[in-house]
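> this is a predicted model, with the sequence first.
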Amino acid sequence: MAQQGRGRGCGCLLVVLALAAAAAFGVYFKLYRPKGPRLPSASGGELQVHVLDVGQGDAILIIAPDGKAALVDAGDAAHASVVRDALNRYGVQHLDYFVATHPHPDHIGGAADVLKTIKVLNVLDSGIPPPDFEESAATPAQNAKGKTKGQSAKPTPKPRASKAQLPTTKTYTEFRAAVQQSGAQLVHVAPGQHYDLSSNGDVRLTVLAPIPPPFTKDQMRAGGNEPNANSVVLQLDYGNFSLLLPGDAEAQTEQRLLSTNANITARILKVAHHGSKYATSDEFLRHVKPEAAIISVSEFNPYGQPAQSVLDRLKAAGIKLYRTDLQGEITLTSKGDDYEIKTMKETKGDLYTGRAGTKDDSARSGFIAYGDFGPPPRQPKKTSGQR
């Protein structure tokens, strides 16, 4: 009887120890989980990243050492020729991936032109349409493995008939139509997915966001807007080189990334939302720990981008800064260890001086115009006798 009692006691102890071990593993996984599968050693070939000068927008061309290519956003429609020219200059015959970070015209306005002029194998997006859309049956999207999601056709966004068609609505409609006509595989991404840009997997894009559930308008009352907050956030890795690409992610996106303990450390940061005051917080910079930052922005935007508060934070952190509005196209190259950054032109201006704005780049301010803003119209010269 005594032996049986000891056996039951040992069994209970083992159960307790097993539960404690499982709990400890859960805590370890939550707090210290690795970023993902370990990448093979860098091949030593040259990785190129070209941050194109598309005015008030984003278009980032990535060319891996073995020639695979990805384009993250395509600027607005007015700068489609800039993107086409870059594809020709760098000898890109097709795109393995086109990534639409979110459905604003300054990021996907030029996408239809790209899809019509060059072969695109895969289109990656968040699957979150603009707020003024409703769904209607259309061609299904596919998951990361190329399998159709579900049995029924995946709805495609359609503007509500009761509302006037906004520029975002029109651009998104054209984008989805161009994707279907191109024959590219449309994939709605999810955090944790990886997309290899090399045959041996040493160049990789990792999806960090959007993290479900999608942000809503009510959650953006402090500033920003939901399409921006629901941006696709990517990290590009190649050996010891890393680049964080947050689209137009807002402060709310940053907080959600931090709350999930996502590994967002990167040597280079493409600053979110053109340097908007609604993003790039101190806490976010402390976790990313970038050595250099790049802002894609127009000289003539009315939104005060880049914001002085953001530039002050970057400067205080000792982060070297590059800007397309002052330096034109910016090119990063790396062979998997060190990296080099070159600009199309030099500037005598202070890179850490922001721009004064006349409008608020937040949905709470009402209608926002997306895309480039050319120089203000010239005032007619006064003729003699005019006052």
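Ah, there it is. Numbers count the residues shown, from 1 in each chain.

> what's the pLDDT at the spatially most central residue of the chain?
For the chain, residue 247 is the residue whose C-alpha lies nearest the centre (C-alpha atoms, centre = their mean; 2.8 Å). Looking at residue 247, its pLDDT stands at 98.

> after the helix or strand of the chain with the lowest mean pLDDT, next one along is what?
Within the chain, no helix or strand scores below helix 2-32, which has a mean of 42 by mean pLDDT, DSSP states H and E. The helix or strand immediately downstream of helix 2-32 is strand 47-51, counting by DSSP states H and E.

> which neighbours in the sheet does that next one have, and how are they oriented?
strand 60-63 (antiparallel), strand 330-334 (antiparallel) (DSSP bridges).

> which residues touch the longest one?
So the one you mean is strand 330-334. Contact with strand 330-334 is made by 46-51, 238-239, 241, 243, 268, 294, 322, 324, 339-344, as judged by C-beta atoms under 8 Å, 6 or more residues apart in numbering. All C-beta spots, glycine's among them, are computed from the backbone N, C-alpha and C.

> what of the shortest one?
By C-beta under 8 Å, 6+ apart, the surrounding residues in contact with strand 60-63 are 47-52, 69-73, 83, 86-87, 90, 92, 197, 205, 236, 245, 270, 296.

> who touches the residue nearest to the centre of the chain in this structure?
58, 73, 101, 102, 107, 228, 231, 232, 233, 272, 273.

> helix, strand or coil for the last one?
Three-state assignment for residue 273 (DSSP: H, G, I helix; E, B strand; the rest coil): helix.

> how near is the closest residue to residue 312 other than its chain neighbours to residue 286?
Nearest residue to residue 312, sequence neighbours excluded (C-beta to C-beta, 6 or more residues apart in numbering): residue 352, at 7.5 Å. Per C-beta to C-beta, to the nearest Å, residue 352 is found 19 Å from residue 286.

> tabulate the strands paired with strand 47-51 in a markdown table, adding columns for distance to residue 318 and mean neighbour count.
Formatted as a markdown table, these follow (distance: least, C-beta to C-beta, whole Å; neighbours: other C-beta atoms under 10 Å):
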| stretch | distance to residue 318 | mean neighbour count |
| --- | --- | --- |
| strand 60-63 | 24 | 24 |
| strand 330-334 | 19 | 21 |
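
> can you redo these as TSV with distance to residue 174?
Below are these laid out as TSV (distance: least, C-beta to C-beta, whole Å):
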stretch	distance to residue 174
strand 60-63	21
strand 330-334	28
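
> those: which one's closest to residue 251?
Closest of the strands paired with strand 47-51 to residue 251 is strand 60-63, at 21.8 Å (criterion: C-beta to C-beta).

> quick one: average pLDDT of the closest one?
Average pLDDT, strand 60-63: 98.

> before we move on, what about stretch 344-359?
Taken as a whole, stretch 344-359 has a mean pLDDT of 91.

> show the end-to-end separation of it, please.
One end of stretch 344-359 sits 29 Å from the other (C-alpha to C-alpha, to the nearest Å).

> what's in contact with it?
Residues from elsewhere that reach stretch 344-359 (C-beta under 8 Å, 6+ apart): 53, 275, 299, 301-312, 314-315, 321-323, 326-331, 365, 368.

> cutoff 6 Å now
Outside stretch 344-359, the residues that touch it by C-beta atoms under 6 Å, 6 or more residues apart in numbering are 302-304, 306-308, 311, 315, 321, 323, 326-329.

> packing partners of whichever helix or strand residue 70 is part of?
Element membership of residue 70, judged by DSSP H and E, is strand 69-72. Helices and strands touching strand 69-72, by 3 or more C-beta pairs under 6 Å, 6 or more residues apart in numbering; DSSP states H and E, are strand 60-63, strand 94-99.

> how about the last one as PDB, C-alpha atoms only?
So the one you mean is strand 94-99. The C-alpha coordinates for strand 94-99 follow below in PDB (Å, rounded to 0.1, in the frame of the first residue of the first chain):
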ATOM      1  CA  HIS A  94       9.800  40.400 -64.800                       C
ATOM      2  CA  LEU A  95       8.800  40.800 -61.200                       C
ATOM      3  CA  ASP A  96       8.600  37.800 -58.900                       C
ATOM      4  CA  TYR A  97       6.600  39.900 -56.500                       C
ATOM      5  CA  PHE A  98       4.700  43.100 -56.500                       C
ATOM      6  CA  VAL A  99       3.600  44.200 -53.000                       C
END
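
> that one pairs with which strands, and in what direction?
strand 69-72 (parallel), strand 119-125 (parallel).

> C-terminal to it, what's the next element?
helix 105-108.

> now do that following helix: which elements does it pack against?
Packed against helix 105-108 by the contact rule (3+ C-beta pairs under 6 Å, 6+ apart) you find helix 167-182.

> now the helices: where do they sit in the chain?
Counting by DSSP state H, the chain has helices at residues 2-32, 80-89, 105-108, 111-117, 167-182, 226-229, 251-259, 282-288, 308-316, 324-327.

> any idea which of the strands paired with strand 94-99 gets closest to residue 214?
strand 119-125 (12.8 Å).

> now the strands: where do they sit in the stretch 251-387 of the chain?
Secondary structure of the stretch 251-387 of the chain (DSSP state E, counting those that start in this stretch): strands at 268-270, 292-295, 320-323, 330-334, 339-343.

> touching the third one from outside, list them.
Contacts made with strand 320-323 from outside it, assessed by C-beta under 6 Å, 6+ apart, are listed as 292, 293, 294, 295, 314, 330, 351.

> looking at the strands paired with strand 94-99, which is buried most?
With neighbours defined as mean count of other C-beta atoms under 10 Å, the strands paired with strand 94-99 peak in mean count at strand 69-72, which reaches a mean of 25.
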